[in-house]
Structure formats: C-alpha cells, structure tokens
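Asker: need a 3D model of the following:
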Amino acid sequence: MSLSFPAQDEIARLTARALLEIKAVDFNAAEPFTYASGLKGPTYVDCRRIISYPRVRSTLMDFLAATVLRNAGFEAFTNVAGGETAGIPFGAMVAERLSLPMTYVRKKPKGYGRNARIEGRMDETDRVLLVEDLTTDGGSKLSFVDAIRETGAACGHTAVIFYYGIFPETTQRLADHGVALHHLCTWWDVLAEAKAQQVFDPATLSEVEAFLSDPRGWQQRNP
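Answerer: Numbers count the residues shown, from 1 in each chain. Just a heads-up that it's a prediction; the model follows:
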C-alpha cells in the first residue's frame, strides 16, 4: 500500500467518481428504488460491484487503509473483522494492507457446532476494527460491535466505503455506543461528481438533491 495520504475531499471525489464509473450507484427519479425497509428513494448503491473491478478495488482499499491510519492511528488495532457478508472481502483486503489478522462476524449464530458469531481467532486483548461496505443508519454495525465485545475484545471503530450521510442521527447513534465511523464518501459526494460529469439529466439530479436534503419528507410524498 502506498503510504501517501490524499486529502479527504480528494478521496471522496475519486471514490464517488469510481462508483459512478463502475455503475455501483444509480439514480432513478421516475421509478424509485424500494429499499430493504420497504421505503422508496431515487438513489441506489451496490458496493459489492467493487470486488469485480481490480483497479477500483485496489485504490479504494488503499484509501480506506489510509483513512483509518490517519484518523485512528498506526497502532490502534490488532485485528480487522469483516461484517457478514459484504464486509468480508473488504475486511480481508484492509487486514492485508495493515498487516493484521483477519476475522469475520456473522449476522447471527450459525446454529450448530460452536454456535459462534466470530469466525477466525479473536482474543479478549484484541483491539478490533470493524469493516463493512456501507452504513445507512448504523443499526447493523451495533449488532456486529456487540458480538465482537462479547468475546472480551475492544471495538470502538468501524470503517466503510460508503456512508449515506443524510440521516443526522447516524454518527450520534454510533458515538453513543462508543463507536467512531470512518468512511470514504457520501451521497453528497456522488451527487457533486454526477453534476460535474453530467451523467444524469438535470431533472433527475434535482429530484435526488431534494431526496438527500429531506429523505423522510421525500418518502412521505412518494409512498
């Protein structure tokens, strides 16, 4: 990994550009996407596509490792855990760059054998970095963090490629649980790059901006 540390705003711009280039993000105001919550919105992101693009994959993992080192410190962690399932490949790649052991966390106990949620070796003295592909409201991160802490290990940081950045309660929710969030870019960075590249029509970009500015209100108007 290169030990250069690009400015955070440049990392955000380049990450947004890469996500647009590999079509990991999409905007559709005419036919909004239905999210796992059942609510709708004109934006969609699929960070799993990153693993199929080696140059993008390598660059973003360098960015994520550099972001963690800059924000948390060079010796802050002794273990990197990926969250099932999207966080597992990214956790492995970040662990390789930081020269640290890698583990992963199941969403729930596997139901047989050791009935474990942690796979791989994690000790009670470990300081664990949780790696995931993205976060919306931070809810799934809390479950993974709790599973890690049940081993006796410490986990006070999570790193993601993409943070929605439109629900103001997210970072406070994580902070209240003793977790700091590190990310590469948000929807606002993607919107700015999409405007710069003119990859969507003005009406779509306007509707996306209205959604990002008031997602709850937009969803009430578009049930």
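Asker: helix, strand, or coil at residue 144?
Answerer: Following DSSP: H, G, I helix; E, B strand; the rest coil, the label given to residue 144 is helix.
Asker: do you know how far it is from residue 151?
Answerer: 12 Å (CB to CB, to the nearest Å). C-betas here are computed from N, CA, C, even on glycine.
Asker: compare the two (neighbour count), which wins?
Answerer: residue 144 (27 against 18; other CB atoms under 10 Å).
Asker: just checking, that one touches residue 131?
Answerer: No: with contact defined as CB atoms under 8 Å, residue 144 does not reach residue 131; the gap is 9.8 Å.
Asker: where do the contact lists of these two overlap?
Answerer: 81, 83, 158 (CB atoms under 8 Å, 6 or more residues apart in numbering).
Asker: the last one contacts residue 132, correct?
Answerer: Put plainly, it is residue 158. Yes: Residue 158 lies in contact with residue 132 (CB under 8 Å); the separation is 6.4 Å.
Asker: overlap of the contact sets of those two?
Answerer: Joint contacts of residue 158 and residue 132 (CB under 8 Å, 6+ apart) are 141, 144.
Asker: can you show me the strands along the chain?
Answerer: Here the chain has its strands, by DSSP state E, at 25-27, 33-34, 40-41, 43-45, 79-83, 102-105, 118-119, 127-135, 154-163, 180-186.
Asker: give the other helices and strands that the third one contacts.
Answerer: In this structure, strand 40-41 packs against strand 33-34, helix 215-221, with contacts taken as 3 or more CB pairs under 8 Å, 6 or more residues apart in numbering; DSSP states H and E.
Asker: quick one: closest of the ones you listed to residue 46.
Answerer: strand 33-34 (10.5 Å; CB to CB).
Asker: average pLDDT for the closest one?
Answerer: Strand 33-34 shows a mean pLDDT of 91 in the predicted model.
Asker: partner strands of that strand, with direction?
Answerer: Partners of strand 33-34 in the sheet, by DSSP bridges, are strand 40-41 (antiparallel).
Asker: what residues does the partner strand touch?
Answerer: 32, 33, 34, 35, 211, 215, 218, 219, 222, 223.
Asker: among those residues, who's most crowded?
Answerer: Going by other CB under 10 Å, residue 211 tops the contacts of strand 40-41 with 25 neighbours.
Asker: excluding chain neighbours, what is closest to that residue?
Answerer: residue 218 (4.3 Å; CB to CB, 6 or more residues apart in numbering).
Asker: thinking again about what came up before, kindly reformat the contacts of strand 40-41 as CSV containing distance to residue 179.
Answerer: Formatted as CSV, those follow (distance: CB to CB, whole Å):
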residue, distance to residue 179
32, 31
33, 28
34, 29
35, 23
211, 27
215, 22
218, 28
219, 26
222, 32
223, 33
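Asker: this protein: helices as residue ranges?
Answerer: 8-21, 54-72, 87-98, 139-149, 169-176, 187-197, 202-213, 215-221 (DSSP state H).
Asker: quick check, pLDDT for the residue sitting furthest away from the middle of the chain.
Answerer: The centre of the chain is farthest from one residue, residue 113, which by CA atoms, centre = their mean lies 30.6 Å away. If you check residue 113, the pLDDT there is 75.
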